[in-house]
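Colleague: Could you work out the structure for the sequence below:
(one chain, ligands or ions: 3)
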Amino acid sequence: MISPQDRLEQIQRIIVTAEQMRSIESRVFAAGMPIAALMEKVASKLAHRIAALYPLPNPRRVGILVGPGHNGGDALVVARELHFKGYEVMLCCPVSKLKELTEGHLRYATSLEIPCHPQIESLQTCDLLIDGLFGFGLERSLTDPIAPLIEQVNHWHQPILSIDLPSGLHTDTGKVLGVAIRATQTLCLGLWKLGLLQEEALEHVGSAELIDLDLPLTDVLAVVGDSPLVQRGTAQAAIATLPLSRPPTTHKYKMGHLLLVCGSRRYAGGALLTGLGARASGVGMLSIAAPESLKPALSAQLPEALIIDCPETPEGAITAFPSSFSLDSSFDAIACGPGLTSDATAIVEQILASQCPLVLDADGLNILAQQGTIPTLQNRQAPTILTPHLGEFKRLFPDSTVTECRVTAVQRAAQQTGAIVLLKGARVAIADAQGNTRINPESTPALARGGSGDVLTGLMGGLVAQAIAKLPKETSEDLRTSSISVDLIQSGAWWHAQAGILAAQERTELGVDAYTLTQFLIPALRQQVDAADSKTFSN
Ligand SMILES: NC(=O)C1=CN([C@@H]2O[C@H](COP(=O)(O)OP(=O)(O)OC[C@H]3O[C@@H](n4cnc5c(N)ncnc54)[C@H](OP(=O)(O)O)[C@@H]3O)[C@@H](O)[C@H]2O)[C@@H](O)CC1
Ligand SMILES: Nc1ncnc2c1ncn2[C@@H]1O[C@H](COP(=O)(O)OP(=O)(O)O)[C@@H](O)[C@H]1O
Ligand SMILES: [K+]
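Modeller: Ligands and ions are numbered 1, 2, ... in the order given. Predicted coordinates:
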């Protein structure tokens, strides 16, 4: 039997759509769990958590918004529980036609003399609001009388805690259906809903937490599959994937040789930041192909790196490798792009034509887009990882539907190109050609700053080089490609985000320039590994 900790770790990785959640719920009910019993369990866990987050005596007055379905039912059971814990609870139920179970709970709450108001204004003096209007059953845009009510509540100043999802969000796309609650906090029930991990939802979700409902893993996996394609990144999964321990008899070339191709006189920092990101990855050997005029600055900051002086244009951009250099099989991976400028077309073409595993970013991506993304990559044999931000993604895939759903856009891009595609942003989404998808659930807007993507490119390049270096030399291209998993790429995205979070905690969100970020990569990893170890020991 799986231990409760392992089960919870697996549950934390699962992401469901509304349809999948409905199927899981149906299986549990068909197996004999009464709907009302599950609702009691949900609401008792919610009430406990709410009382811990907002302990008496302040806040005392709690206003609860009740919708027509079972989200409203949950809210009413929470109302009853908080009432008995000593909170001064009042309800607002703006609809008259309720589902049967919800109606029963409303009748009982009223019998307990918990006041229920049709007008939202009565709740304005509450210290805390709980949003139980709609959960994953919402399918249509909100209109009168609920839409104006939500707009009004969003203008008030008390914290709002949403049950399952902020009411008004689409469960799968995270898009606002007309209007949606702007929650301070969302307590998601049972399993993570896809919409909560979509970038569009972020301003509405606040901080998000999963309330485990002990849904049987067999029922969950029967619906999402034993190895679900779409998974939420977790610290445990990332730590398990990172190359944290080294074989005792290893040597530098066994720990990966990474070639960085980056920088120009104009974007000198691009090469440095990529190099510092790569350094933190632990890669065994680092070579940097950069304009020759950057050598003194790079050597001063990265004394361990081999600098390959490239001839440069009068503007200080690389156009080609030096004539003495051959792009041979001594490199386990190349990370290319930050700070290059569009003058680097020939060198990027040469790299794309090589058999070397490649992380492509920034101007490397813009040059690829000009060459024709899909045909160029379809011809490429070696593993390729693209790390575009939204603008670069649109240039790479002009026909994409990225504005509708980032996750499906990334999946399609990966399937069309055979590359692993990582779409940057507040919620990084990563997919491979087989549809395996990861979403990084936690980050900080402190990273929205020039150069922080360069750090990611170097870090990612170092991780890829180490993964490739582990393989025997005669490994086939197919096996080399499959050795670079979405989990490895997600572990890099997770690590980068954790460094940003730790740096922001220590230095405020204003203090996380890209150079500072590089200095937090190792401390953040240390902190996370220690936290994971202490969890293991305490279990
Ligand atoms: N699955 C689980 O494991 C568990 C689920 N649980 C809870 O149940 C929640 C899901 O409950 P749910 O299915 O009743 O849907 P919910 O989100 O409350 O709303 C649907 C209602 O809204 C109505 N409606 C829809 N659109 C509308 C609109 N635009 N404007 C106005 N009305 C609109 C719609 O009416 P209709 O479409 O029939 O007109 C229907 O009555 C889930 O989020 C969680 O909180 C837990 O209790 C137990 C464990
Ligand atoms: N609002 C945000 N929240 C969290 N992370 C963000 C946010 N905005 C950007 N990032 C992250 O910061 C990095 C920015 O990369 P990029 O746009 O390539 O910048 P640059 O090219 O200047 O280095 C990416 O890793 C991205 O995921
Ligand atoms: K809700």
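Colleague: need the residues of this protein near ligand 3, please.
Modeller: Counting by Cβ under 5 Å from the ion, the chain comes close to ligand 3 at 131, 162, 163, 167. No exception for glycine: its C-beta is placed from N, CA and C like everyone else's.
Colleague: most neighbours, which of those?
Modeller: residue 162 (32 neighbours; other Cβ atoms under 10 Å).
Colleague: and it, what helix or strand is that in?
Modeller: strand 160-163 (DSSP states H and E).
Colleague: from the residues of the chain next to ligand 3, which is closest to residue 7?
Modeller: residue 163 (23.1 Å; Cβ to Cβ).
Colleague: Nearest spatial neighbour of the closest one, chain-adjacent residues omitted?
Modeller: residue 132 (4.7 Å; Cβ to Cβ, 6 or more residues apart in numbering).
Colleague: which residues does that neighbour contact?
Modeller: Taking Cβ atoms under 8 Å, 6 or more residues apart in numbering, we find residue 132 in contact with 64, 65, 66, 67, 71, 72, 74, 75, 76, 78, 163, 167.
Colleague: SS state for residue 56?
Modeller: Using DSSP: H, G, I helix; E, B strand; the rest coil, the three-state assignment for residue 56 comes out as coil.
Colleague: again, but for residue 334
Modeller: Once three-state DSSP is applied, residue 334 turns out strand.
Colleague: try residue 327
Modeller: Going by three-state DSSP: residue 327 is coil.
Colleague: and it, how many neighbours?
Modeller: Applying other Cβ under 10 Å, I find that residue 327 has 18 neighbouring residues.
Colleague: from what I can see it touches residue 356, true?
Modeller: Yes - Residue 327 is in contact with residue 356 according to Cβ atoms under 8 Å; the separation is 7.0 Å.
Colleague: list the residues that contact both of the two?
Modeller: residue 259.
Colleague: Against ligand 1, how distant is the residue nearest to residue 163?
Modeller: From residue 132 over to ligand 1 the distance is 7 Å, taken as Cβ to the nearest ligand atom, to the nearest Å.
Colleague: So that residue versus residue 187, what's the distance?
Modeller: Residue 132 sits 11 Å away from residue 187, going by Cβ to Cβ, to the nearest Å.
Colleague: just residue 56 next, same as before
Modeller: 19 Å.
Colleague: what about those two, which has more around it?
Modeller: Ranked by neighbour count (other Cβ under 10 Å), residue 56 and residue 187 place residue 187 first, with 24 against 12.
Colleague: That one in helix, strand or coil?
Modeller: strand.
Colleague: check contacts around the residue nearest to it when sequence neighbours are not counted.
Modeller: In space, and not counting its chain neighbours, residue 187 is closest to residue 211: 5.1 Å by Cβ to Cβ, 6+ apart. The contact partners of residue 211, by Cβ under 8 Å, 6+ apart, come to 42, 45, 46, 49, 187, 188, 189, 190.
Colleague: And the furthest pair within those residues?
Modeller: The most widely separated members of these, counting by Cβ to Cβ, are 49 and 190 (13.6 Å).
Colleague: Of these two, give the one with the bigger neighbour count.
Modeller: residue 190 (23 against 16).
Colleague: For this protein, list the residue farthest from the centre, please.
Modeller: Within the chain, the residue lying farthest from the chain centre (Cα atoms, centre = their mean) is residue 111, at 44.7 Å.
Colleague: I'd like the distance from it to ligand 1, if you could.
Modeller: According to Cβ to the nearest ligand atom, residue 111 stands 21 Å off from ligand 1.
Colleague: Check the spacing between that residue and ligand 2 real quick.
Modeller: 47 Å.
Colleague: can you check residue 162 too?
Modeller: On the measure of Cβ to the nearest ligand atom, residue 162 and ligand 2 end up 21 Å apart.
Colleague: wait, isn't that residue in contact with residue 181?
Modeller: Yes - with contacts counted by Cβ under 8 Å, residue 162 reaches residue 181, the gap being 5.7 Å.
Colleague: Centre-most residue in this structure?
Modeller: Centre-nearest of the chain using Cα atoms, centre = their mean is residue 440, 1.8 Å out.
Colleague: Now that one: closest residue in space that isn't a chain neighbour?
Modeller: Nearest to residue 440 is residue 428, by Cβ to Cβ, 6+ apart, at 4.2 Å.
Colleague: tell me the contacts of the one you found?
Modeller: Applying Cβ under 8 Å, 6+ apart, the residues contacting residue 428 are 422, 439, 440, 443, 490, 493, 497.
Colleague: measure it to ligand 1 for me?
Modeller: Counting by Cβ to the nearest ligand atom - residue 428 and ligand 1 are separated by 26 Å.
Colleague: pLDDT score for that residue?
Modeller: With respect to pLDDT, residue 428 has a value of 98.
Colleague: Same question for residue 537.
Modeller: 66.
Colleague: what about residue 479, which SS state?
Modeller: Residue 479 is classified as helix under three-state DSSP.
Colleague: If you could redo that for residue 219, that was the one I meant.
Modeller: helix.
Colleague: So the protein: which segments form each domain?
Modeller: 4-223, 238-534 (automatic domain parsing).
Colleague: burial measure for residue 508, as a count.
Modeller: Neighbourhood size, residue 508 [other Cβ under 10 Å]: 10.
Colleague: Could you check how far it is from residue 446?
Modeller: 8 Å.
Colleague: Same check on residue 517?
Modeller: 8 Å.
Colleague: what sits in contact with each of these two?
Modeller: With Cβ under 8 Å, 6+ apart, residue 517 and residue 446 have common neighbours 500, 503.
Colleague: The two: who's more crowded?
Modeller: Set residue 517 next to residue 446 and count neighbours by other Cβ under 10 Å: residue 517 wins out with 28 against 22.
Colleague: any idea of the pLDDT on that one?
Modeller: Looking at residue 517, the pLDDT reads 98.
Colleague: Tell me which residue of the stretch 1-150 of the chain lies closest to ligand 2.
Modeller: In the stretch 1-150 of the chain, the residue that lies nearest ligand 2 is residue 15 (18.6 Å; Cβ to the nearest ligand atom).
Colleague: name the helices or strands packed onto the longest helix along the chain?
Modeller: With residue count as the measure and DSSP state H as the assignment, the chain has helix 514-538 as its longest helix. In terms of contacts (3 or more Cβ pairs under 8 Å, 6 or more residues apart in numbering; DSSP states H and E), helix 514-538 is packed against helix 235-241, helix 268-280, helix 452-469, helix 486-507.
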